[in-house]
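**Student:** Requesting a structural model of the entry that follows:
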Amino acid sequence: MQGVTVVDHPLVQHKLTIMRDKETSTAGFRRLLREISLLLCYEVTRDLELTTRRIETPLQTIDAPTLEGKKLVFASVLRAGNGLLDGMLDLVPAARVAHVGLYRDHETLQAVEYFFKAPSDLENRLVIVVDPMLATANSAIAAIDKLKERGATNLRFLCLLAAPEGIQRFRSAHPDVPVFTASIDEKLNEKGYIVPGLGDAGDRMYGTK
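**Tutor:** Sure, this is the predicted structure:
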């Protein structure tokens, strides 16, 4: 699909399979989510711009590559997004963090906002929005809408699983925002869950129902 990158690295796919298994424990799911987020973060940041700075190695002076521009922003769609956020911060500890609090109304499947907090100067930063599931896309679209209202212009969306219906809706609403995912699953069911999916990522991560 145009604008969508599927991260098909063998380690990503292996860990995702274990996460899908309903017998995987809460602790195991949480650990795997943190591990897989490192690998996904590696891919979503693959083309970051570089500059050079002069350093002294033990042997000589060189102009060595370093990241250019302002620090990244990771925007977590609460609550499940925090499972991806933790691992990504292990890889990029200097990144700024935004939190977008949204929950899905189970009757209408629409996203309801309850919290928003973001760094300043979003217009000058790459903002990577993280949420494990791109299902109906209502939460993802609402999160991007809010971040754009605050000035963000350079955004990417990162998730574990995506449904074709969600991708289509998201790309229609925000064609300028590329999507990175570990898998495009078969479909949404009548309750708006991804099939075959892995269940509710937040519930499995926190041991709630």
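
**Student:** Could you use CA atoms for every contact and neighbour count after this?
**Tutor:** Noted.

**Student:** Tell me, please, where in this structure the pLDDT is lower than the cut-off.
**Tutor:** Applying pLDDT under 70 to the chain flags residues 104, 106, 109.

**Student:** where do the strands sit along it?
**Tutor:** Using DSSP state E, the strands of the chain run over residues 4-6, 50-56, 61-67, 73-78, 96-104, 111-117, 126-130, 133-134, 154-162, 179-184, 187-188, 194-195.

**Student:** For R31, find the nearest of those strands.
**Tutor:** Closest approach to R31 among those (CA to CA): strand 154-162, 14.2 Å.

**Student:** can you pull the buried residues of the longest helix along the chain?
**Tutor:** Assignment by DSSP state H gives helix 26-44 as the longest helix of the chain. Neighbour-count burial for helix 26-44, counted by 16 or more other CA atoms under 10 Å, picks out 26, 29-30, 32-41, 43-44.

**Student:** shouldn't D8 be in contact with L160?
**Tutor:** No: using CA atoms under 8 Å as the test, D8 is too far from L160 to be in contact (11.4 Å).

**Student:** Identify the contacts common to those two.
**Tutor:** Each of A182, S183 lies in contact with both D8 and L160 under the rule CA atoms under 8 Å, 6 or more residues apart in numbering.

**Student:** between these two, which one's more packed in?
**Tutor:** L160 (26 against 13; other CA atoms under 10 Å).

**Student:** Could I get the strands of the chain in CSV, plus columns for distance to R169?
**Tutor:** Shown next, in CSV, are these (distance: least, CA to CA, whole Å):
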stretch, distance to R169
strand 4-6, 13
strand 50-56, 33
strand 61-67, 33
strand 73-78, 18
strand 96-104, 16
strand 111-117, 14
strand 126-130, 16
strand 133-134, 10
strand 154-162, 11
strand 179-184, 12
strand 187-188, 13
strand 194-195, 14
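
**Student:** With respect to G207, which of those strands lies nearest?
**Tutor:** strand 73-78 (15.6 Å).

**Student:** partners of that closest one, with directions?
**Tutor:** Here strand 73-78 is paired, per DSSP bridges, with strand 96-104 (parallel), strand 126-130 (parallel).

**Student:** can you put those in a markdown table and add mean neighbour count and distance to P196?
**Tutor:** Formatted as a markdown table, the strands paired with strand 73-78 follow (neighbours: other CA atoms under 10 Å; distance: least, CA to CA, whole Å):
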| stretch | mean neighbour count | distance to P196 |
| --- | --- | --- |
| strand 96-104 | 19 | 20 |
| strand 126-130 | 25 | 21 |
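
**Student:** okay, these in JSON lines with distance to A111 next?
**Tutor:** Listed next are the strands paired with strand 73-78 as JSON lines, based on distance: least, CA to CA, whole Å:
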{"stretch": "strand 96-104", "distance to A111": "5"}
{"stretch": "strand 126-130", "distance to A111": "15"}
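
**Student:** Of those strands, which is nearest K187?
**Tutor:** Ranking those by their distance to K187 (criterion: CA to CA) puts strand 96-104 first, at 18.2 Å.
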